[in-house]
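Visitor: my questions are about this predicted structure, shown below with the sequence.
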Amino acid sequence: MVMMAAAACSRADPERIPEILSERGVVLSGPGARRVFQQCSRPAPQDVQALWTPTPADVAALEAALPAFVAGRPDRPDGLIAAYTRQYVGYVAAGRRMIYVNGFRHAPARGDAWRHAPAVTCGGGRGEFGAVYDVEDGVFVNYEHNGGA
């Protein structure tokens, strides 16, 4: 079982985003990115009208908001948020640009597949989650963790 959770650096420094995107996160794009919305044991956005590619600045803004958003949740992910690997998929819902954060604890057995294809895991409980970030308002609007443990 591979654990999923959205993650962030403790401070969103735009200079660090390329490092973050290469070591701990990746923006997924193209038709294959839609698979991220087909999660096994948690709800994910279903109102996807189109995909778009988030910029490093979009990811930096999301990363700046993520730690406080997660810390304030009673169902927050297990462990330190900075330790999680994450995938970002930009999509449009109701005419608004959103970013879905698909996060997980990286498992060596997964290799680098997570860099190219959506990670979908069954189970894992609070150790895995997805979050929706509204780019225009600069806030998270949804959070779901996986079922099971």
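Guide: Structure's in. What do you need? Residues are numbered from 1 along each chain as shown.
Visitor: longest helix in this structure, by residue count?
Guide: Across the chain, the longest stretch assigned as helix under DSSP state H is helix 56-71.
Visitor: what helices or strands is that helix leaning on?
Guide: Contacts defined by 3 or more Cβ pairs under 8 Å, 6 or more residues apart in numbering; DSSP states H and E place helix 56-71 against helix 17-23, strand 85-93, strand 96-104, strand 129-134, strand 139-145. All C-beta spots, glycine's among them, are computed from the backbone N, C-alpha and C.
Visitor: indicate which one of these is closest to Trp114.
Guide: Each of the helices and strands packed on helix 56-71 has some distance to Trp114 by Cβ to Cβ; the shortest is strand 85-93, at 6.4 Å.
Visitor: counting by contacts, list what that closest one packs against.
Guide: Applying 3+ Cβ pairs under 8 Å, 6+ apart, one finds that strand 85-93 makes contact with strand 25-27, strand 50-52, helix 56-71, strand 96-104.
Visitor: at 6 Å what do you get?
Guide: With contacts defined as 3 or more Cβ pairs under 6 Å, 6 or more residues apart in numbering; DSSP states H and E, strand 85-93 has these neighbours: strand 25-27, strand 50-52, strand 96-104.
Visitor: any chance of those strands in JSON lines with mean neighbour count and distance to Pro77 as columns?
Guide: Converted to JSON lines, those look like this (neighbours: other Cβ atoms under 10 Å; distance: least, Cβ to Cβ, whole Å):
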{"stretch": "strand 25-27", "mean neighbour count": "21", "distance to Pro77": "15"}
{"stretch": "strand 50-52", "mean neighbour count": "14", "distance to Pro77": "25"}
{"stretch": "strand 96-104", "mean neighbour count": "23", "distance to Pro77": "7"}
